[in-house]
Every structure is written in structure tokens, then in C-alpha cells.
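**Q** I'll drop the sequence and a predicted model, then ask my questions.
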Amino acid sequence: MDLLLLCMLIILPILSYIALKFLFHNSKTSKHNNANLPPGSTGWPLIGETMKLGMFGRLGIPESFYKERMKKYSPQVFKTSLIGEKTVVFCGAAGNKFLYSNENKLVSMFFPVNLSKVLPHLGEVNNVSEVTYKARNLLVNFLKHEYLQDCVKIVDELARKHLDSKWDSQKEVKALPLAKEFAFEVACKLFLSIDDPSIIQGIAKPFHVLTAGIYSIPVNLPGTAFNKAIKAASLIREKLLRIIKERKEHMMAEKSPWSHDLLWDLILVADDDGKLLSELEIADDTLAFLLASQDAISTTITLIVKSLAEFHQVYQEVLKEQNSIVQEKESSELNWKDVQKMKYLWNVASEVMRLMPPSQGGFREALVDFSYSGFFNPKGWKLYWTPHTTHKDPQYFPEPEKFDPSRYDGAGPVPYSYVTFGGGPRMCPAKDFARIIILVFVHNLVRRFHWEKLLPNEKILVQPIPIMASGLPVRLHPHI
């Protein structure tokens, strides 16, 4: 009886919330009933079609969710509901171009409730988009060409140390957790000037819990993945606040100059009125940057390792290119010019990200009522673009399931069809940063080893970041 009562106490508030949300949602949108809204289904109240998309993700075929609806409703645009938001999905290269080209005109950036609850201090000035816009500009300025040139040497040194300590002494390794560890080490070094393993591990442990739950259904009840993500974010925030306070004290005391990093810029950045960011805002901005970089980079590295094990000729071409770069140098240390020569390796990385994009897309919000492709999109509705409507479409990529790095030679793909890094004013500002880390790590890896997969049929799960179901165990064969 006690257990039944406890279940009722937990379930009844949830059902009440869903009912109220559904009634409010219907009353709010009833005025649009006669409008020619995009076709589609919004699924269950609150949950929408999030679980259906998750099902396709667990099967490793998230693109099938979109293909089914494009075929059933419209190849240009359809209606659904994702992560608690009524959403219109814009499809194809034309849909991508429309959203990218109308930033701050018809549409603006939007963050789902998941992100605003996990990172609540991004919105302390009552405008999350404004804060994030400023933080994004700060990141763009931070990742300028001059800084990226300096990054190459640092990343190269970190990659060598990582391979020395984690790979060289092993006959078999799991590529995914090691790629995550390396990407996080790089982010901590370049963003926070931290290289103490104990501090990095203290942040990394709850960080993995955060990334596992941040995109789950936003139900904040004990035991849910979302609840665990919020708690993990709070723990990381506490650790970051200590780091921020220590850095401020160091700067105030005018001690020996600290390395110029992202945290330095966040502490000093001010708005038009000269107001500095609060420590909580700095902590959440830092956490947002870590979230944006870490999983995408580690996933791409892991899937490159997978692909090079599967396609021997591709591996040989990559190795040939990397060896030729080193043979032309007096020093074995990499520099910016060396990275620019890794054209074939970047083609391989691009093909990996086409077939299994590390980012599943992005939300926008309609600033005004507007029509697209003959359908009415009401002000306030959420809009969504995703690489899954173009990346495996044969009209943009012939034989879309074929692994073909040569697709990116010459003029490359049709504009707005390859959107791994987004496009327009909101194109990922860390694209070149990610490119350096991926290329430098794989360069060092292929020059030390070739490898084979231990689980030939290991599945890829998309949750929503693509991950290898068993971590991609491989057997290493050092070059003699």
C-alpha cells in the first residue's frame, strides 16, 4: 500500500502537468486552426515525438525519422514536437538556406528548455539569446587566426603525451573513452589553462553524466537522466566557480601573467554599459563552451578510427599524406602550415561527419508570422534544421551510403547540403578549432599504429551524439 501511495504521489502531478500543458497549448494555438499550417503530427502531449526520434537514434538511423515524415507529409517542411516544443522541421538545402539566411530577420536562435534549466545563468539579463550572442562573438574573437596557429603546437604536444601514456603500452584499447579523455584535456588546457590531471578528472566525471542527460525528456524528477544532468551541472559549476575566483585573485594581485585563454576573456568582457559578467554567468558560459566542443570532437575522432579500420585503402592514403608532411619538415613538431596540408585527411573527416553528424541540428524561433513553401508559420513557433534531411539524400550525394572522401574535392557538395557545422551567421565558430584537434590527433595516431576492430558488427547509437555501443575496442599494431 505504501508503495502504491508513493507511485500515485509521483505520477499524479506528472499527469496533471501534462494535462494542463496540453490544454494551454491547444488554447494558445487554436487561433491558427484555420491557417495553412505545415502538415504533420505533434504526437503525445509534452513528450511529442521525442521518444520516436530517440528510437530511430538507438537503431543508428536517425535520418529515417525525417525521411518517413518528408515522404508522408512534405519534402520541404513538416510539423512535429521535439523536447517539449511544437516544431516545424525545414528540409533540404533550400530549407537550410532559408533559416540560415533569415537569422535576426524572420527567425532567431532558440534554446530548448533542457539547456535553459541546466545552464540557468546564461539568462541572468533576461535574454538568453542576447547573452549567448555576446558569448559567441567572444568565442569568435578568441579563436582568431593568430591564436589557432599557436594552438597547433599545444594540441600536438598533448596528443603525443596522450598516446605515450594511454596507447603505446597497450595491445588493445577502447577508442571512444580515450578520445573523450583527450578532447576534454585539450579543452581544459586551451579554455582554462588547466593541465592538472586531478582537476581535469574532477570536472570530467560529472561532465559525462551531464552529456548523457542534457538532451533527454525534460522531466526533473529524482532518478531521471535530466535530473542527474542538472545535478551534474551544479557540481561542475561549483568547481568552475572556485577556478574563476582563483583566477580573479591572481589577476587582482597582478602576479606573473597567466596564459591568455578563454576564461581570461570571459572575466574581462563587458557590455555596452561597462558591466562585467557575474561569476555564475562566466561559469555557465564556460560550461556551454565545453559542451559544444567536447562530444563533437571525440565522436568524430572515434568514427575516423572506425572508418580507417574498415577501409584499408583510405587508411593507406591518410598515412601516405601524413608521412609526406613530416618528410618535408626539419622538425617533427606540427605547425599551422602542416595542418593546412592535411587535405585528404580532412576529406575523410568530412565524410565521417556526413554519414554520422556529431550535431543533430539546431532550433530557431519565428520572430514574426511568415509563409514558407506555401505553409504558414506562426510567430513564436519553433523551427528546426538538421543535417539528416540532406546528408544521405542522393540528389546531393550520389550513392549516399558509400564512403567516398573524394566528394569534397573541387567545388565540393551543393551549397547548404553539407551542414555539419551549420551555416550563415550561426555557423559554428569553433569549426577551425575542432579541425585542428581532430587532424593533429589522427596524424599522430596513424603514424604510430594501424589497427583492427575487435567487434566487426558493433552498432552506432545516436543519443543524440553518435556513440559506439561498446566504445569501439580495437587491437593496435605499432609500425615497426
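**A** Structure received.
**Q** residues contacting the nearest residue to K459 once chain neighbours are set aside?
**A** Leaving aside its chain neighbours, K459 sits nearest to A469 (4.4 Å; criterion: C-beta to C-beta, 6 or more residues apart in numbering). Heads up, the C-betas are built off the backbone N, CA and C, glycines and all. Counting by C-beta atoms under 8 Å, 6 or more residues apart in numbering, A469 makes contact with 458-461.
**Q** low pLDDT regions in the stretch 101-250 of the chain?
**A** For the stretch 101-250 of the chain, applying pLDDT under 70 flags the ranges 122-140.
**Q** quick one, strands of it?
**A** Listed in chain order, the strands of the stretch 101-250 of the chain (DSSP state E, counting those that start in this stretch) span 107-109, 172-174.
**Q** State the distance from F226 to L280.
**A** 21 Å (C-beta to C-beta, to the nearest Å).
**Q** Looking at these two, which one has more neighbours?
**A** Shown here are F226 and L280; by other C-beta atoms under 10 Å, F226 has more neighbours (20 against 17).
**Q** Could you pull up the residues touching the more buried one?
**A** Each residue near F226 by C-beta under 8 Å, 6+ apart is listed here: 114, 117, 213-214, 216-220.
**Q** ok, back up a step: what about the residue nearest to K459, distance to V77?
**A** Counting by C-beta to C-beta, the gap from A469 to V77 is 33 Å.
**Q** Longest helix in this protein, by number of residues?
**A** Once the chain is assigned using DSSP state H, the helix that runs over the most residues is helix 279-310.
**Q** Just the buried residues of that one, please?
**A** Under the neighbour-count criterion of 16 or more other C-beta atoms under 10 Å, helix 279-310 has 279-309 buried.
**Q** The stretch 101-250 of the chain: helices as residue ranges?
**A** Secondary structure of the stretch 101-250 of the chain (DSSP state H, counting those that start in this stretch): helices located at 113-118, 128-142, 145-166, 175-192, 197-213, 225-252.
**Q** Looks like D265 contacts N141 (just checking).
**A** Yes: using C-beta atoms under 8 Å, D265 makes contact with N141 at a distance of 7.4 Å.
**Q** These two - which one has more neighbours?
**A** More crowded of D265 and N141, by other C-beta under 10 Å: D265, with 15 against 12.
**Q** Kindly confirm my reading that that one forms part of a helix.
**A** Yes: assessed by DSSP: H, G, I helix; E, B strand; the rest coil, D265 belongs to a helix.
**Q** ok, now how distant is it from D285?
**A** In this structure, D265 and D285 are 10 Å apart, going by C-beta to C-beta.
**Q** can you check H260 too?
**A** Using C-beta to C-beta, H260 is found at 17 Å from D285.
**Q** Contact partners for D156?
**A** By C-beta under 8 Å, 6+ apart, the contact list for D156 reads 333-334, 440, 444.
**Q** try 7 Å
**A** 333-334, 440 (C-beta atoms under 7 Å, 6 or more residues apart in numbering).
**Q** Specify the local secondary structure of the spatially closest residue to it that is not a sequence neighbour.
**A** Leaving aside its chain neighbours, D156 sits nearest to L334 (4.3 Å; criterion: C-beta to C-beta, 6+ apart). Secondary structure assignment for L334 (three-state DSSP): coil.
**Q** does L334 really touch V152, like I thought?
**A** Yes: with contact defined as C-beta atoms under 7 Å, L334 counts as touching V152 (5.5 Å).
**Q** Neighbour count for these two, which is higher?
**A** Neighbours per residue, other C-beta under 10 Å: of L334 and V152, the larger number sits with L334, 25 against 20.
**Q** how near is that one to E246?
**A** 32 Å.
**Q** for I436, same thing?
**A** Going from I436 to E246 by C-beta to C-beta gives 28 Å.
**Q** Equivalent analysis for S234, please.
**A** Computed as C-beta to C-beta, the S234 to E246 distance reads 19 Å.
**Q** and these two? which has more neighbours close in?
**A** Using other C-beta under 10 Å, the more surrounded residue of S234 and E246 is S234, with 13 against 10.
**Q** and the contacts of F226, which are buried?
**A** Neighbour counting by 16+ other C-beta under 10 Å classes 114, 213-214, 216-218 among the contacts of F226 as buried.
**Q** on that earlier part again, narrow the contacts of A469 to those that are buried.
**A** Those of the contacts of A469 that meet the buried threshold are I460, by 16+ other C-beta under 10 Å.
**Q** Thanks again, I'm all set now.
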